[in-house]
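J.: curious how this folds, go ahead:
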Amino acid sequence: MKRFLLASCVLLASFSAFAEENWTSEETASGLKQIEAVRYAFAGTSVTLHSLRFLDENCNSIDSANIVIEKRPEHGIAEIVIEQTFSVYPKDNLRFKCNDQKTPAIYLKYTANPGYAGRDQFTVLEVSNVGGWARERTFMLNVRSMQNAEAIGNSTNPSGPSSLPLPRKKN
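T.: Down below sits the predicted model:
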């Protein structure tokens, strides 16, 4: 019984993101939260738009949600990938110790077709395995061409614009 209660608490905590969002009465009744997000991307360059990680208190992955691409983009590729990366749980989270090791995370990535500039969009559905709550996310993308972008960094690059990663804040 003690294990069951602990497992239930862990599963509920892993879906606190579903519970912490402000849901309207209509969304609660339907079990579906619809979210729209506007994002920017450069043509031919991959961008990570969303990530999810479901871990128990021992840093083990929990099979807690199903994620599918409901509507694919017309001018690029959307993909769901699983990668081993470091988490960033806050110190007051019981999974904070998981930050010291790589654990599986689900990433939603988008790559616009090379040379394309304009708008694109796609929709993803996340359904929790605990309670059946769902979030439908529609990403509306403004895709920019790198051909007309002014180069930053290496101005002697004859092949065109380059990009540099932003500096990270030092702790």
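J.: the chain: helices as residue ranges?
T.: 2-14, 16-20, 25-30 (DSSP state H).
J.: which of these comes out lowest on mean pLDDT?
T.: Mean pLDDT is lowest for helix 2-14 among the helices of the chain, at a mean of 37.
J.: got the contact list for the closest residue to Ala37 other than its chain neighbours?
T.: Leaving out its chain neighbours, the residue that sits closest to Ala37 by C-beta to C-beta, 6 or more residues apart in numbering is Phe139, at 5.4 Å. (Glycine included, C-beta is placed from N, CA and C.) Shown in contact with Phe139 (C-beta atoms under 8 Å, 6 or more residues apart in numbering): Ala37, Arg39, Leu49, Ala78, Tyr110, Gln121, Phe122, Thr123, Val124.
J.: what about the last one, distance to Gln34?
T.: Meaning Val124. 11 Å (C-beta to C-beta, to the nearest Å).
J.: just give me the neighbour total for Ser128.
T.: Ser128 has 19 neighbours, counted by other C-beta atoms under 10 Å.
J.: bridging residues for it?
T.: Beta-bridge partners of Ser128, counted by DSSP bridges, are Ala65.
J.: contacting residues for the nearest residue to Leu49 once chain neighbours are set aside?
T.: Leaving aside its chain neighbours, Leu49 sits nearest to Leu108 (5.1 Å; criterion: C-beta to C-beta, 6+ apart). Applying C-beta under 8 Å, 6+ apart to Leu108 gives the contacts Thr48, Leu49, His50, Ser51, Ile67, Ala78, Glu79, Ile80, Val124.
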